[in-house]
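Peer 1: Next comes the sequence, and after it the predicted model I'd like to discuss.
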Amino acid sequence: MQSEREGGYAPIGSYGLLGDGHGSALVSSDGSVDWLAVPRIDSAPLLAAIVDDPDGGRLLVAPAVDYEVRRRYVGESMAVETTFATGNGRLRVTDSLNQGFLGRLPWSELARRIEADGDAVPVRWLFQPGTRFATCRPWVHERDGVPFVLAGDLLAALILDGLGEPIVEDGLVRGDAVVRPGSPALLGLVAASEGPVRLPSPSEILRRQDHSIEQWEKWSGLIEYSGPHRAEVVRSALTIKALQSVDSGALAASATTSLPERVGTARNFDYRFGWVRDSAFMIDALTRLHLSQEVDASLTWLLQGVRITAPEVHVFYTLDGQPAGAEQHELGLMDGYKGSDPVMVGNKAAAQAQHGSYGDLFGAIARYVENGGRLDTETGLLVVELSDQLCDEWTRPDAGLWELSDYQRYTSSLINAWSALDRAVALVERGEVPAIHVDRWRLTKDAIHRFVDDRCWSESKSSYTFYAGTDDLDAAVLVAARTGFSAPDDPRLWSTIDAIRAELTA
């Protein structure tokens with residue numbers, strides 16, 4: 001198998017995620033790093049061939065002969081190992097975004113360790129930097145035999161060992177070599193933003209790769225879970241950890257932007273922000289795995305952003321914990337994944353109202369308290385302020401969980417609004433939140449429940465509906481089970497499940 005690419009694009013499922021707690025990278029099964037955003041996940045990427053094959057940029061290393069490929073994550077780490085079988089030889093490439101020995105590196109470091117088993121393997125490699133979302137024209141040049149690229153405010157250098165002499169051409173660097181058993185090669189990339197960049201030795205980079213793998217596996221060992229599918233649970237936890245900013249605790253909804261919901265359509269969005277809903281779900285997962293340090297960091301980041309926008313809870317916040325602007329830019333000079341344009345930077349959903357965000361936030365706060373956390377005075381007063389705001393807001397239409405432009409009184413939003421006030425009352429009863437207006441919250445949550453039962457129920461379908469006054473269905477109303485809005489033995493819940501299965505299951 002050489003490549004499964006169509007029109008230059010690899011299947012999305014063929015990518016492995018690399019992370020170091022700051023930036024992100026995606027490496028495909030054919031040996032191409034098609035996404036590299038450093039120093040942060042939300043930085044303009046130096047490599048972005050996944051959304052723009054001609055000019056996005058890539059860093060490729062692969063056999064120069066036919067091969068079959070297998071790949072895996074290295075143990076319980078965020079390093080990816082790709083093994084190319086070529087006749088009697090095998091080429092093994094181990095990829096990682098490296099960590100420092102005592103914390104964060106002052107620069108970003110991508111390590112590609114290349115080893116051969118059996119026969120020697122001819123390889124080819126290519127570094128073609130991208131335009132960083134059409135914001136610059138990268139300048140590839142050579143200094144003292146070292147290939148450099150200047151791309152906007154990012155200065156990057158290739159650290160090569162055992163890969164022959166680099167050939168610097170217009171806008172790229174390439175080379176050919178033969179990798180022999182017992183003589184590992186290295187294709188390393190170091191980069192720094194708005195500052196100088198160090199040129200570490202190849203052995204230093206390889207030591208840091210070993211250290212990074214070891215650190216990831218030590219972290220995985222902290223996960224307290226012994227139930228079924230442990231490997232899948234740990235891998236999911238590692239993915240969440242890779243999307244969490246070490247600096248702020250922010251939980252990015254995705255490492256990328258503009259991968260389409262459906263190939264060939266324009267529903268491409270930038271998810272390099274921290275959604276309140278997604279973050280709450282991830283905090284819940286981390287709580288269940290007893291990863292208290294990560295939970296504290298992420299909840300603190302989330303509360304930081306909400307304090308700025310209070311009494312409103314925004315849909316999402318930046319990875320710095322600031323309100324996100326509603327500007328959304330289409331990058332018309334970029335192809336989009338398999339032609340699925342436009343490529344987006346920013347997300348206009350920042351300006352939407354979503355009442356369900358209150359329920360997600362309060363759910364995260366309540367689980368924090370239930371698992372040994374205690375609220376400070378400022379957070380307790382914040383819950384009071386937000387609860388009073390929700391009592392005023394819940395009757396107004398919103399964009400709903402699906403972030404639609406058609407504002408309605410969406411059932412899932414109402415159920416989550418009920419959940420928010422239910423948690424606020426529980427926090428008062430635990431002594432974590434002042435009981436200033438708790439009677440109002442109790443009355444309002446009962447009113448929301450009655451409204452949903454009366455106005456968001458279809459007798460003809462025996463189901464809760466998409467929004468008040470329609471018979472259309474929405475799978476998102478099943479949050480009624482998760483939040484406790486419906487009791488486990490509530491016949492309305494079970495008939496809703498049956499209706500959704502019958503009408504919405506594909």
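Peer 2: Great, that's in hand.

Peer 1: which residues of this protein score low on pLDDT?
Peer 2: Applying pLDDT under 70 to the predicted model, the residue ranges of the chain that meet it are 1-3.

Peer 1: Point to the residue nearest the middle of it.
Peer 2: residue 254 (2.4 Å; C-alpha atoms, centre = their mean).

Peer 1: How is that one classified with respect to secondary structure?
Peer 2: At residue 254, secondary structure determined by DSSP: H, G, I helix; E, B strand; the rest coil is coil.

Peer 1: Just give the nearest non-adjacent residue to it, would you?
Peer 2: By the measure of C-beta to C-beta, 6 or more residues apart in numbering, the closest residue to residue 254 outside its immediate chain neighbours is residue 271, 3.6 Å from it. Yep, even glycine has a C-beta here, placed from its N, CA and C like the rest.

Peer 1: Can you identify each of the helices in the stretch 251-400 of the chain by residue range?
Peer 2: Assigned helices in the stretch 251-400 of the chain, in chain order: 276-288, 292-309, 356-370, 377-393 (criterion: DSSP state H, counting those that start in this stretch).

Peer 1: most tightly surrounded among these?
Peer 2: Greatest average neighbour count among those goes to helix 356-370 (a mean of 24), per mean count of other C-beta atoms under 10 Å.

Peer 1: Export that one to PDB, keeping only CA atoms.
Peer 2: Extracted C-alpha coordinates of helix 356-370, given in PDB (Å, rounded to 0.1, in the frame of the first residue of the first chain):
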ATOM      1  CA  GLY A 356     -27.900  25.200  28.000                       C
ATOM      2  CA  SER A 357     -24.500  26.500  28.800                       C
ATOM      3  CA  TYR A 358     -25.700  27.400  32.300                       C
ATOM      4  CA  GLY A 359     -26.600  23.800  33.000                       C
ATOM      5  CA  ASP A 360     -23.300  22.500  31.600                       C
ATOM      6  CA  LEU A 361     -21.300  25.000  33.800                       C
ATOM      7  CA  PHE A 362     -23.300  24.400  37.000                       C
ATOM      8  CA  GLY A 363     -23.100  20.600  36.400                       C
ATOM      9  CA  ALA A 364     -19.300  20.900  36.300                       C
ATOM     10  CA  ILE A 365     -19.300  23.000  39.500                       C
ATOM     11  CA  ALA A 366     -21.600  20.600  41.300                       C
ATOM     12  CA  ARG A 367     -19.500  17.500  40.400                       C
ATOM     13  CA  TYR A 368     -16.400  19.300  41.600                       C
ATOM     14  CA  VAL A 369     -18.000  19.900  45.000                       C
ATOM     15  CA  GLU A 370     -19.400  16.300  45.100                       C
END
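
Peer 1: Give me the distance between it and the centre of its chain.
Peer 2: 20 Å (C-alpha atoms, centre = their mean, to the nearest Å).

Peer 1: What is that helix packed up against?
Peer 2: Other elements packing on helix 356-370 under the criterion 3 or more C-beta pairs under 8 Å, 6 or more residues apart in numbering; DSSP states H and E are helix 276-288, helix 292-309, helix 377-393, helix 411-429, helix 479-483.

Peer 1: Can you name the residues in contact with it?
Peer 2: Surrounding helix 356-370, the residues in contact under the criterion C-beta atoms under 8 Å, 6 or more residues apart in numbering are 276-277, 279-281, 283-284, 287, 295, 299, 302, 306, 313-315, 375, 379, 383, 386, 390, 398, 400-401, 410, 412-413, 415-420, 423-424, 426-427, 430, 432, 479, 483.

Peer 1: One more: stretch 68-86?
Peer 2: Contacts with stretch 68-86, where a contact means C-beta under 8 Å, 6+ apart, come from 1, 16-20, 27, 29-31, 62-63, 65-67, 90-97, 119, 121, 209, 212-213, 216-217, 220-221, 234-235, 238, 241-242.

Peer 1: Emit the ChimeraX select command for whichever of those residues are buried.
Peer 2: To isolate in ChimeraX the members of the contacts of stretch 68-86 that are buried, counting by 16 or more other C-beta atoms under 10 Å, one can use:
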select :16,17,18,19,20,27,29,30,31,62,63,67,90,91,92,93,94,95,96,97,121,209,212,213,216,217,220,234,238,241,242
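
Peer 1: ok, longest strand in the chain?
Peer 2: As assigned by DSSP state E, the longest strand anywhere in the chain is strand 108-118.

Peer 1: chain center to that one, what's the gap?
Peer 2: The gap between the average C-alpha position of strand 108-118 and the chain average comes to 25 Å, counting by C-alpha atoms, centre = their mean.

Peer 1: Pull up the pairing partners for that strand, direction included.
Peer 2: Paired strands of strand 108-118, with direction, are strand 89-97 (antiparallel), strand 185-193 (antiparallel) (DSSP bridges).

Peer 1: Indicate which one of the ones you listed is closest to residue 138.
Peer 2: strand 185-193 (11.7 Å; C-beta to C-beta).

Peer 1: Check which element follows that closest one along the chain.
Peer 2: Remark: after strand 185-193, the chain's next helix or strand is helix 202-220, criterion DSSP states H and E.

Peer 1: Measure how that following helix sits relative to helix 292-309, angle-wise.
Peer 2: Here helix 202-220 runs at an angle of 90 degrees relative to helix 292-309 (axes from the mean of the first three to the mean of the last three C-alpha atoms, to 10 degrees).

Peer 1: packing partners for helix 202-220?
Peer 2: Counting contacts by 3+ C-beta pairs under 8 Å, 6+ apart, helix 202-220 is packed against strand 89-97, strand 108-118, strand 154-161, strand 185-193, helix 230-243.

Peer 1: Adding distance to residue 173, write the ones you listed out as a markdown table.
Peer 2: Listed next are the helices and strands packed on helix 202-220 as a markdown table, based on distance: least, C-beta to C-beta, whole Å:
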| stretch | distance to residue 173 |
| --- | --- |
| strand 89-97 | 18 |
| strand 108-118 | 14 |
| strand 154-161 | 6 |
| strand 185-193 | 10 |
| helix 230-243 | 28 |
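
Peer 1: Out of the ones you listed, the one nearest residue 333 is which?
Peer 2: In terms of C-beta to C-beta, the element of the helices and strands packed on helix 202-220 nearest to residue 333 is strand 154-161, at 19.0 Å.

Peer 1: Which other helices and strands does whatever helix or strand comes next after that closest one contact?
Peer 2: Sequence order places strand 167-169 as the next helix or strand after strand 154-161, per DSSP H and E. On a contact count with 3+ C-beta pairs under 8 Å, 6+ apart, strand 167-169 meets strand 139-143, strand 172-179.
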